[in-house]
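Enquirer: Sequence and predicted model, in that order:
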Amino acid sequence: MTKFLKIFLIIAAIFTFISNISFSQDDWWKDKKFKDIKTKIKYDDCKKSFKEIAAGLNYSNINSIKRYFADQIYLNIISTEKGYYSNSQAEIILDDFINYFKVISFKFKRSYYKNSFAFALGNYKYDIGGGTRELEVSVTLNYDNESWYIDQITVN
């Protein structure tokens, strides 16, 4: 019986550890209670959009990000590329940034959303010249035609 109890406790501890990891990965997103299912789905889609954008930054995959580009995007990339760009221009600028600043990790740290607006702020850790450095990235989404689109990306 003691052996069974030890195995059960080990499995319970592992399960608890794994669930805490899963929960902590989304600590940047504050879930709310919604008055109807349509609103809940809207904000679940927003969270999914942010997660895919974060994955695109984390894995240097511009394709995961550009699918959320609006027709025009405001970019402020380390104050060198600053202004409104078409989605194809924004793709080139962001791709150049990702290729130059080789990502070590990217993770959102907080977010805000209301009505047709959402904002998330994260840390972009990169390696350049053998040292690890960090930039702050903010992404703003707007809701239009049942979808979330990137309106603005700022990197400082």
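Expert: It's in.
Enquirer: Give me the helix or strand of the chain that scores worst on average pLDDT.
Expert: Within the chain, no helix or strand scores below helix 2-25, which has a mean of 53 by mean pLDDT, DSSP states H and E.
Enquirer: Next SSE downstream of it?
Expert: The helix or strand immediately downstream of helix 2-25 is helix 37-58, counting by DSSP states H and E.
Enquirer: Show me what counts as buried in that following helix.
Expert: Under the neighbour-count criterion of 16 or more other Cβ atoms under 10 Å, helix 37-58 has 42-43, 46-47, 49-51, 53-54, 56-58 buried. C-beta here means a position set from N, CA and C on the backbone, and glycine is covered the same way.
Enquirer: How about stretch 73-91?
Expert: 73-75, 77, 81, 85, 87, 90-91.
Enquirer: again, but for stretch 131-141
Expert: Residues 135, 137, 139-141 are the ones in stretch 131-141 that count as buried (16+ other Cβ under 10 Å).
Enquirer: Report the two of those separated the most.
Expert: Greatest spatial distance among the buried residues of stretch 131-141 (Cβ to Cβ): Leu135 and Leu141, at 19.6 Å.
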